[in-house]
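> Predicted coordinates and the sequence they were generated for:
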Amino acid sequence: MRAGELTPEQLALRERQGAGARYDAEDAPHAHLDLARRGTAYFARRLMQLDDADLDAPSLLPGWSRRHLIAHVGYNARAVARLVEWARTGVENRMYASDTQRWDEIVLGATLPTRALRHLVDHAAVHLDVEWRDLSDAQWDADVVTAQGRTVPARETAWMRAKEVWVHAVDLDNGGSFLDFPPEMIDGIIADVFRAWTRRSEPGAVVLRATDRDDSPGSYGESGAEVEGAAADLARWLAGRGARRLRVVGGGELPEIARWF
């Protein structure tokens, strides 16, 4: 929504907040920013429901404790913020300075005192949000380079962060579910999986049939197996978080699928 299209209530709120308040640029990727912020809140709620002792338990990611996962979510926000700063300043600032930095940060973060680990997630998310709100319209279209070496406009950082916080909230393994995700997040995950497979020229084909909506969530390749289920369950399976309540039309086993991210 552009500033000129704000409701009277929103305009009144801006007036109360004063000149020092930050707002997203008119041409910012508002839908993906909304998903990233809602996902950040969802992750925070799931984390808040865990006692300190619970953080030592395994996450749903093989070999990762919840501490490792929480550290990753915190440091990922910092890494994404570096890309946003790059777009804002024009000075190259990669997500990671070396091939080992990402994992080194996760290992170190997992050893932090519990309070510091929780604060890492909170403070890094706030920092990222400030960086986003400092971008001008033109800076949202500035090119940056992801950790995978893809050159993308800075506006893609909003989606990058959205999928991290929503999916990893489920990976905490304390009740988070793809069924909690907004429909636009489910659609985004399915589309993102297919884009990732296309970039990597992954073999295979699959056609999705959602039982809880009229439209088809999408397909990959040609003449693939038709997999049927609720859209959220289809997204969970494509994201590599397990298959629940899915069936192959005509019978048979679910096809093997490639890694997402």
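Structure's in. What do you need? Residues are numbered from 1 along each chain as shown.

> can you tell me how far Arg102 sits from Gly109?
Applying C-beta to C-beta, to the nearest Å, the value for Arg102 to Gly109 is 11 Å. For glycine as for every other residue, the C-beta is placed from the backbone atoms N, C-alpha and C.

> the more surrounded of these two?
Neighbour count, other C-beta atoms under 10 Å: between Arg102 and Gly109, Gly109 has more, with 21 against 16.

> The closest residue to the more buried one other than its chain neighbours: which element?
Closest residue in space to Gly109, ignoring its immediate chain neighbours: Ala71 at 2.6 Å, by C-beta to C-beta, 6 or more residues apart in numbering. Using DSSP states H and E, Ala71 maps to helix 66-89.

> Which is the succeeding secondary structure element to the lowest-mean-pLDDT helix or strand in the chain?
Least confident helix or strand of the chain, by mean pLDDT, DSSP states H and E, is helix 8-17 with a mean of 78. Next helix or strand after helix 8-17 toward the C-terminus (DSSP H and E): helix 30-48.

> about what we covered before: which secondary structure elements does the helix holding Ala71 contact?
helix 101-110, helix 114-133, strand 143-145, helix 156-171 (3 or more C-beta pairs under 8 Å, 6 or more residues apart in numbering; DSSP states H and E).

> Now distance to Phe178 too, for the ones you listed, in JSON lines please.
JSON lines is the format used below for these (distance: least, C-beta to C-beta, whole Å):
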{"stretch": "helix 101-110", "distance to Phe178": "24"}
{"stretch": "helix 114-133", "distance to Phe178": "21"}
{"stretch": "strand 143-145", "distance to Phe178": "29"}
{"stretch": "helix 156-171", "distance to Phe178": "6"}
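
> Can you tell me the element the residue nearest to Ala258 when sequence neighbours are not counted falls in?
Closest residue to Ala258 apart from its sequence neighbours, by C-beta to C-beta, 6+ apart: Glu202 at 4.3 Å. Using DSSP H and E, Glu202 falls within no helix or strand.

> No more questions from me, cheers.
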